[in-house]
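Engineer: attaching a predicted model along with its sequence, questions to come.
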Amino acid sequence: MSILSSRRGRTAVAAVAVGALALAGCSSSDSGSNNDNSKQKEDAAAQSNAVKMGTAADSTGPAEEVAGAKSGGTIQVYNETDFSHLDPAQIYVSDGGLLSKLIYRGLTTYKEDGKGGLTVVGDLATDPGKVTDGGKTWTFTLKDGVKDETGHVIDSADVRHTFERLYDPFITDGPSYIQQWLSGSGTAYRDAYAGPFKGKHLPDTVLATPDAKTVVFKFKTPQPDMAQALAMAGYSIVPEKTDTKEKYDTDPVAVGPYKISEFKPGKSVTLVKNTNWDPNTDPMRHQYVDGFNIEVNHDDEDQTKTILADRGDAKNAIMMTGQVATTQVQKVVADPAAMKRTVQGYAPYVWQLNFNLDRIKDKKIRDAITLAMPATSVFRADGGNYGGEVANSLMSPTTPGYDKAYDPFNRAKKPNGDVAAAKKLIEEAGATGKKVVYAYSNTPVRQQQALLIEDALTKIGLDVQKKEIDSATWYEQVGKVDNGLDLYMTGWGQDWPSASTVFPPLYDGTQIQDGSSNYAHINDDHVNSEIARIQKITDAVEATKAWNALNQYISEKVNPAAPIYYTKVFQIAGSNIGGLRYSTVTSYIDPTRVFLKS
């Protein structure tokens with residue numbers, strides 16, 4: 001999700017640029033401290049473990065009870081911005097993704113072990129899917145009696161409709177992985193089918209519903225990540241009979257444990273229990289509290305001070321995608337009682353300085369700039385150790401295959417840059433005094449980081465020409481092929497735990513065009529062919545090894561971007577919140593298991 005996510009590169013990425021949070025695969029933290037929590041780092045590192053495929057037994061409900069859980073009461077939720085969409089098909093950023101965990105359900109979902117481990121299980125389906133034809137055909141059987149908030153039993157027609165409506169032109173902001181797998185890459189899938197609202201269906205050769213309980217997806221090439229893709233919020237079920245097309249975005253129908261009772265755009269969303277939700281069909285959600293009162297227009301500073309004070313409703317409060325404000329980190333860290341009600345972990349994002357390979361053609365210059373990056377100072381400008389960590393690789397610690405020991409630019413020993421080694425390379429390249437156009441977003445964090453990066457580049461002998469760009473159009477500007485820029489920082493995070501949602505959008509040269517997420521314009525024959533080859537590997541272990549090898553080739557043989565830092569999450573909740581846990585899936589507090597202690 002750039003940082004937030006190519007569609008990912010459009011919506012999610014834009015969200016990240018302005019400080020919003022994108023789904024899983026997408027956002028950066030503005031909070032932090034120079035202290036560290038070694039156990040939290042240890043637990044978070046487990047996020048890079050391979051995702052397991054569950055069984056039918058794993059997919060049954062009810063979800064395992066949370067220790068000490070009680071029923072009743074309303075949880076107060078604070079969020080900085082309003083929800084850009086309530087229609088699940090339009091959801092691609094983190095706050096909407098968190099909301100979806102409470103009100104929507106899809107064919108699959110994840111179970112978490114609380115230590116970073118994930119298992120894909122059936123949600124509305126009886127299992128995470130049966131695969132045949134070498135990974136080209138996925139068959140799902142629906143559970144009995146799963147109802148939406150109106151009492152309608154979800155059937156295969158609803159599933160078919162959910163995926164067919166994704167092709168309609170009014171759906172613009174959600175994920176498009178499965179549509180592309182079914183009907184063509186890029187935006188070509190829209191040419192294949194116009195949506196269901198004129199009475200036509202996708203052909204049975206693509207999506208079949210042989211009976212009311214069975215759904216069959218048929219792809220032209222193997223799609224080993226189908227079960228994980230289906231767990232995205234954007235593929236949650238929209239029942240056919242209550243689909244109001246564009247109006248669904250403000251008045252959706254719930255299938256999860258909660259439903260929307262009141263929506264005040266720009267102000268609040270109120271959730272109450274969905275009495276038609278059956279816990280016996282749900283393997284991961286709970287319905288402990290009576291509801292959630294979600295208020296928007298609370299920035300991180302406001303959220304942190306209010307929850308830290310722990311008075312009145314704040315005792316029953318959680319953040320959604322908010323972070324402990326940078327100005328309040330030391331107060332929280334210095335208060336043992338407050339620290340007990342925090343959650344921490346890695347978000348899936350890597351912030352990297354892209355080289356425009358059309359302009360910075362000498363690899364020695366790219367290597368020099370990478371070596372010179374003052375990574376420690378740059379990430380601390382974005383919050384410190386609680387908000388980030390020096391990046392040793394273009395892979396995130398949350399991505400299966402990540403290798404902490406792989407460190408091609410010696411970040412472990414020189415985390416704040418190696419100016420001497422970098423300057424030597426610049427001299428060898430005959431590039432002393434070379435002008436480089438360095439672009440950055442006009443947010444306070446990016447402006448502060450720009451000063452640090454400019455200083456480092458000047459020290460190694462480059463003539464830095466800074467260019468400030470409005471954050472609202474940041475990804476639009478750097479996403480142009482002819483952008484007139486040499487260096488620019490972007491963030492990217494996976495849409496699900498697989499490098500298949502990282503390397504293809506960022507480094508596939510066949511995708512270079514205005515608006516694509518190949519920000520460095522890398523177009524290497526070996527990289528392109530390896531991406532195409534690895535995407536067809538159905539064995540997850542083999543694919544993970546192949547992605548890791550490709551990561552090393554890209555870093556050492558091409559170096560299209562300098563990894564700078566990984567993003568972390570640091571949140572706080574009220575003292576009366578029970579079941580508090582960091583979610584590996586969402587990178588924030590897990591809203592499906594919280595309760596009020598009294």
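Structural biologist: Looks like it came in fine.
Engineer: any chance you could map the strands in the stretch 101-250 of the chain?
Structural biologist: Chain-ordered strands for the stretch 101-250 of the chain, with DSSP state E, counting those that start in this stretch as the definition, fall at 108-112, 118-122, 130-132, 137-141, 207-211, 214-218.
Engineer: and whichever helix or strand residue 505 is part of, what's buried?
Structural biologist: Following DSSP states H and E, the helix or strand that holds residue 505 is helix 503-507. Taking 16 or more other CB atoms under 10 Å as the basis for neighbour counts, the residues of helix 503-507 that come out buried are 503-507. (Glycine included, C-beta is placed from N, CA and C.)
Engineer: residues in contact with it?
Structural biologist: Among residues not part of helix 503-507, those counted as contacts by CB atoms under 8 Å, 6 or more residues apart in numbering are 2, 6, 8-9, 492, 511, 516-520, 522, 524, 527, 531, 534-535, 547, 550-551, 554, 560.
Engineer: picking up where we left off before, nearest to residue 296 among the buried residues of helix 503-507?
Structural biologist: Distance ranking of the buried residues of helix 503-507 against residue 296, using CB to CB, places residue 505 first at 29.9 Å.
Engineer: quick check: the gap between that closest one and residue 248.
Structural biologist: With distances defined as CB to CB, to the nearest Å, the gap from residue 505 to residue 248 amounts to 28 Å.
Engineer: which residues touch residue 250?
Structural biologist: Under the criterion of CB under 8 Å, 6+ apart, the neighbours of residue 250 are 86, 263, 265.
Engineer: any chance of those residues in JSON lines, plus pLDDT?
Structural biologist: Compiled in JSON lines, the contacts of residue 250 are given as follows (pLDDT from 0 to 100):
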{"residue": "86", "pLDDT": "96"}
{"residue": "263", "pLDDT": "95"}
{"residue": "265", "pLDDT": "93"}
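Engineer: ok, and the most crowded of the residues you listed?
Structural biologist: Using other CB atoms under 10 Å as the contact criterion, the top neighbour count among the contacts of residue 250 goes to residue 86, which has 21 neighbours.
Engineer: my guess is that one contacts residue 249, does it?
Structural biologist: Yes - with the criterion set as CB atoms under 8 Å, residue 86 and residue 249 qualify as a contacting pair; they are 5.5 Å apart.
Engineer: hmm, what's the outermost residue in this structure?
Structural biologist: residue 430 (40.8 Å; CA atoms, centre = their mean).
Engineer: need phi/psi at that residue.
Structural biologist: Backbone geometry at residue 430, expressed as degrees, to the nearest 10, gives phi 60, psi 30.
Engineer: and it, how far from residue 229?
Structural biologist: With distances defined as CB to CB, the gap from residue 430 to residue 229 amounts to 48 Å.
Engineer: which residues of the stretch 351-500 of the chain fall in strands?
Structural biologist: All strands of the stretch 351-500 of the chain, identified by DSSP E, counting those that start in this stretch, fall at 388-390, 435-441, 463-469, 487-493.
Engineer: for those strands, which one sits closest to residue 159?
Structural biologist: The closest of the strands of the stretch 351-500 of the chain to residue 159 is strand 487-493. By CB to CB, the value is 27.8 Å.
Engineer: ok, now which ones touch residue 406?
Structural biologist: By CB under 8 Å, 6+ apart, the contact set of residue 406 is 392-393, 551-552.
Engineer: and the next helix or strand past the helix holding residue 505?
Structural biologist: Scanning forward in sequence from helix 503-507 by DSSP H and E, the next helix or strand is helix 525-534.
Engineer: got the buried residues for the next helix or strand after that following helix?
Structural biologist: The C-terminal neighbour of helix 525-534 among helices and strands, as given by DSSP H and E, is helix 540-553. Within helix 540-553, the residues that qualify as buried are 540, 543-544, 546-548, 550-551, counting by 16+ other CB under 10 Å.
Engineer: what's the following helix or strand after helix 540-553?
Structural biologist: Assignment by DSSP H and E places the next element after helix 540-553 at strand 561-572.
Engineer: mind giving me the packing neighbours of that following strand?
Structural biologist: With contacts taken as 3 or more CB pairs under 8 Å, 6 or more residues apart in numbering; DSSP states H and E, strand 561-572 sits against helix 300-309, strand 317-319, strand 342-355, helix 363-372, helix 375-380, strand 388-390, strand 487-493.
Engineer: what about 6 Å?
Structural biologist: Using 3 or more CB pairs under 6 Å, 6 or more residues apart in numbering; DSSP states H and E as the contact criterion, the elements in contact with strand 561-572 are strand 342-355, helix 375-380, strand 388-390.
Engineer: run through the residues that contact residue 408.
Structural biologist: Contacts were defined as CB atoms under 6 Å, 6 or more residues apart in numbering; by that measure residue 408 touches 555-556.
Engineer: a markdown table please, covering the strands of the stretch 351-500 of the chain and showing mean pLDDT and distance to residue 337.
Structural biologist: As requested, the strands of the stretch 351-500 of the chain are arranged in a markdown table below (pLDDT from 0 to 100; distance: least, CB to CB, whole Å):
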| stretch | mean pLDDT | distance to residue 337 |
| --- | --- | --- |
| strand 388-390 | 93 | 25 |
| strand 435-441 | 98 | 37 |
| strand 463-469 | 98 | 42 |
| strand 487-493 | 95 | 32 |
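Engineer: ok, which of the ones you listed comes nearest residue 290?
Structural biologist: Once these are compared by CB to CB, strand 487-493 is nearest, at 33.5 Å.
Engineer: stretch 575-587: end-to-end distance?
Structural biologist: The straight-line separation of the ends of stretch 575-587 (CA to CA, to the nearest Å) is 21 Å.
Engineer: tell me which of the helices and strands packed on strand 561-572 lies nearest to residue 573.
Structural biologist: Ranking the helices and strands packed on strand 561-572 by their distance to residue 573 (criterion: CB to CB) puts strand 342-355 first, at 7.6 Å.
Engineer: the closest one pairs with which strands, and in what direction?
Structural biologist: Pairing partners of strand 342-355, with direction, according to DSSP bridges: strand 487-493 (antiparallel), strand 561-572 (antiparallel).
Engineer: and the angle for the shortest one with helix 363-372?
Structural biologist: Strand 487-493 and helix 363-372 meet at an angle of 70 degrees, taking axes from the mean of the first three to the mean of the last three CA atoms, to 10 degrees as the criterion.
Engineer: from memory residue 73 sits against residue 289, does it?
Structural biologist: Yes - counting by CB atoms under 6 Å, residue 73 does reach residue 289; the two are 5.4 Å apart.
Engineer: dump the contacts of residue 250 to TSV, plus secondary structure.
Structural biologist: Supplementary listing: the contacts of residue 250 in TSV, determined by DSSP: H, G, I helix; E, B strand; the rest coil:
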residue	secondary structure
86	coil
263	strand
265	coil
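Engineer: using TSV, lay out the residues you listed together with distance to residue 426.
Structural biologist: Rendered in TSV, the data for the contacts of residue 250 read as follows (distance: CB to CB, whole Å):
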residue	distance to residue 426
86	52
263	56
265	53
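Engineer: burial of residue 447, as a residue count?
Structural biologist: Neighbouring residues of residue 447 were enumerated by other CB under 10 Å; the total is 14.
Engineer: the nearest residue to residue 277 once chain neighbours are set aside and residue 291: what is the separation?
Structural biologist: Distance criterion CB to CB, 6 or more residues apart in numbering; nearest residue to residue 277, sequence neighbours excluded, is residue 257 at 4.6 Å. For residue 257, the distance to residue 291 (CB to CB) stands at 10 Å.
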